[in-house]
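Visitor: Curious how this folds, go ahead:
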Amino acid sequence: MRRVWVSLLIVFFAAALAVFASDPWTRLEGCVLAPNPFNDGDSFRVRHDGKEYIFRLYFVDAPESDKEFPQRVREQAEYFGIEPEQANEIGRIAANLVRERLSEPFNVITRWHGAQGRGVTPRFYAFVESQGRDLAEDLVQQGLARVFGVRVTRPDGERATDYRARLLKMEDAAREAQAGAWAWSQPLRPAWERPLRADMPVVTVPRVVAAYSLDLPRRRLGELPRNSTVRIVEEFADGWVHVEYDTDTGEAQESFCLRWDLSLPDPMPGVMPQRAALFPDDSVPRAR
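Guide: Reported below is the predicted structural model:
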């Protein structure tokens, strides 16, 4: 009898796992924005079916609207190439945009993955559909949020790397159009070439970019600041770029970066070396 019960439990849990794996997302339709002084451009309270939740957008980070976290505001300002006070103003504009976009019922798609927040109420990562648009994309296109933060394969199956690459192209277009924060951004300096290695293409870093080690497994070494320059040593079809740059002491340093972080165009098929993918789709190194 015990064996029968054990067998039944195994079957039950296997079936439950199969259901969860096949449809891990929960879709909440007809949500309403719940007024709260802590609602901002990427995190806000939502009411649905008599319950209240806090949701945080995947993939994007809108600047803080106040000075409670000065270090975070400085990082956000450096990303856009603006002053901290301007970052706070962009944060307020982003919060106003969210209030306007979510003034009508909207949809939230979540996996109930926890996101840290200011208070004790649980906060969950989510995608938000509002007025027929993806809210994260809307913020990036308006120049009111940076492409930054937790990533995941989208509910429609689009890989995290592909979606992030699309968002970065939108961010590049917003920067060129001087939308939102980019209207106040300091212009990028022209790229310069190191005399001894002038044969290598030179790129001006358009945003704060993560640098990774040359050895495997890839380790995050730090960040390359916006407006710095890198020399392209080699490009790979899987999205990695081997770069060289000069440190503050004038020494040449090498690392790997992701090509979409550098706003490089998509590689032409068959013209770049292949390199095995180093990260599963949902575990690409995160900015934080």
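Visitor: Domain boundaries for the chain, per the record?
Guide: 12-183, 195-277 (automatic domain parsing).
Visitor: so which of these is the most packed in?
Guide: With neighbours taken as mean count of other Cβ atoms under 10 Å, the domains of the chain reach their highest mean count in domain 12-183, at a mean of 17. For every residue, glycine as well, the C-beta is placed using N, CA and C.
Visitor: Just the mean pLDDT for it, thanks.
Guide: With pLDDT averaged residue by residue, domain 12-183 scores 92.
Visitor: all helices for the chain, in order.
Guide: 2-22, 70-80, 84-101, 135-141, 160-176 (DSSP state H).
Visitor: Of those helices, which is nearest Ala126?
Guide: helix 135-141 (9.5 Å; Cβ to Cβ).
Visitor: Leaving out the residues flanking it, which one is nearest to Gln127?
Guide: One thing to correct before we go on: residue 127 is Phe, not Gln. Nearest residue to Phe127, sequence neighbours excluded (Cβ to Cβ, 6 or more residues apart in numbering): Ile109, at 4.6 Å.
Visitor: Compute the distance between the one you found and Gly149, please.
Guide: Using Cβ to Cβ, to the nearest Å, Ile109 is found at 16 Å from Gly149.
Visitor: What of Ser213?
Guide: Distance from Ser213 to Gly149, by Cβ to Cβ: 22 Å.
Visitor: ok, now Phe256?
Guide: Distance from Phe256 to Gly149, by Cβ to Cβ: 21 Å.
Visitor: Repeat that for Asp138.
Guide: 16 Å.
Visitor: try Val209
Guide: In terms of Cβ to Cβ, Val209 sits 15 Å off from Gly149.
Visitor: again, but for Asp246
Guide: Applying Cβ to Cβ to Asp246 and Gly149 gives a distance of 29 Å.
Visitor: low pLDDT regions in the stretch 151-288 of the chain?
Guide: 191-198, 267-288 (pLDDT under 70).
Visitor: What ranges does it have for its strands?
Guide: 202-204, 209-212, 220-224, 229-235, 240-246, 252-258 (DSSP state E, counting those that start in this stretch).
Visitor: residues touching the residue nearest to Val233 when sequence neighbours are not counted, list them.
Guide: Leaving out its chain neighbours, the residue that sits closest to Val233 by Cβ to Cβ, 6+ apart is His242, at 4.2 Å. For His242, the contacting residues are Leu214, Ile232, Val233, Glu234, Glu235, Phe236, Glu254, Ser255, Phe256, by Cβ atoms under 8 Å, 6 or more residues apart in numbering.
Visitor: Turn those residues into CSV, columns for distance to Leu33.
Guide: CSV is the format used below for the contacts of His242 (distance: Cβ to Cβ, whole Å):
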residue, distance to Leu33
Leu214, 47
Ile232, 45
Val233, 48
Glu234, 48
Glu235, 44
Phe236, 43
Glu254, 47
Ser255, 42
Phe256, 41
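Visitor: Which one of these is nearest to Asp66?
Guide: With Cβ to Cβ as the yardstick, the closest approach to Asp66 among these comes from Ser255, at 34.8 Å.
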